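Colleague: Need a 3D model of the following:
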Amino acid sequence: MNAEFSAGPPQEKSAPAGGSEAHAVASVGASLPLIGFGEVRHTRLKPAVNAFNYPTYFLMLPLRSLHQNGNGALARNRRAALSFFDRDHGEGGDDCLAWVDALLAREGITDVAGEVWLHTYPRVFGHTFKPVSFWYCHNAAGALRAIVVEVNNTFGERHCYLLDHPRYGQELQAVKVFHVSPFCTLDGFYRFRFMRVNNEGIEKTLARIDYDDASGPLLQTSVAGTLQALSAATLRKALWRYPAMTLGVVARIHWQAFKLWRKRVPFVSKPQTPEVFVTR
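Modeller: Below you'll find the predicted structure:
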């Protein structure tokens, strides 16, 4: 995998001023749903080091185009071996695009008439767990206007971090307010970095989230992959390679928690869920 898509210390190339190739590809192939094949990486730096990586796949869906042109090979809101359900996002309604548009409008962001790309995990044989999904929201000119980071925890709770006026390659920050891991407090903040690049016709994406507590960097995480057109063939490829992906995600979460417990990393009791659903 490209070195700029690693989960080590931040080394990604920043976007050049005045626009970039990474920025420009946001509108390329906007009518086509995509599937990404890549890798998840996670490194805990203290008080005990714990690192892992594993192969994965994910959906990259252009929601406005799907509304206009249909879903193609994607099984949307219907049963299939691999499917996408709108109600798995937001407030559980049957139109997740309308939900994110309304969320942005409530936050005073009304110029997102362009494509909304949703980077998320699908349902696999009817089951899903989405630790995090990313909504890349563009204005009518095709420029990135906002990113919504939608986080779920294993307690069935959900929270959104809204990143206003982001740029690909730029480091973005948000104060941590939502409990995810029982081995992390709510102290500190997240550092985000997103990339989407097209190199000689090969398109790749990276979403990186690092977490710093009061004493410095604690977690380094990323999901990266190469994007391909979502078709019957690529759906079969995903299912043959990773037939139990959802179960694998949940099993790995619990296995890594057990390893941290064995390493005597302190356990943190679950705090109250934040009263405000969106953190800016």
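Colleague: Name the nearest residue to residue 123, ignoring sequence neighbours.
Modeller: Using C-beta to C-beta, 6 or more residues apart in numbering and skipping the chain neighbours, the partner closest in space to residue 123 is residue 83 (4.7 Å). In short, each C-beta sits where N, CA and C put it, glycine included.
Colleague: My read is that the one you found contacts residue 120, right?
Modeller: No: using C-beta atoms under 8 Å, residue 83 makes no contact with residue 120, being 11.9 Å away.
Colleague: any idea which helix or strand carries residue 240?
Modeller: helix 232-241 (DSSP states H and E).
Colleague: scratch that, residue 146
Modeller: If you go by DSSP H and E, residue 146 is part of strand 144-152.
Colleague: any low-confidence regions in this protein?
Modeller: Along the chain, segments meeting pLDDT under 70 span 1-30, 244, 246-248, 250, 254-255.
Colleague: Let's see that with 50 instead.
Modeller: Scanning the chain for pLDDT under 50 picks out the ranges 1-30.
Colleague: show me where the stretch 1-150 of the chain has helices.
Modeller: Assigned helices in the stretch 1-150 of the chain, in chain order: 21-24, 63-69, 96-106 (criterion: DSSP state H, counting those that start in this stretch).
Colleague: Redo those helices as JSON lines? Include distance to residue 134 and mean neighbour count.
Modeller: As requested, the helices of the stretch 1-150 of the chain are exported to JSON lines (distance: least, C-beta to C-beta, whole Å; neighbours: other C-beta atoms under 10 Å):
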{"stretch": "helix 21-24", "distance to residue 134": "15", "mean neighbour count": "18"}
{"stretch": "helix 63-69", "distance to residue 134": "13", "mean neighbour count": "16"}
{"stretch": "helix 96-106", "distance to residue 134": "11", "mean neighbour count": "18"}
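Colleague: which one of these lies closest to residue 51?
Modeller: Among the helices of the stretch 1-150 of the chain, the nearest to residue 51 by C-beta to C-beta is helix 21-24 (27.0 Å).
Colleague: buried stuff in stretch 122-139?
Modeller: 122-125, 128-138 (16 or more other C-beta atoms under 10 Å).
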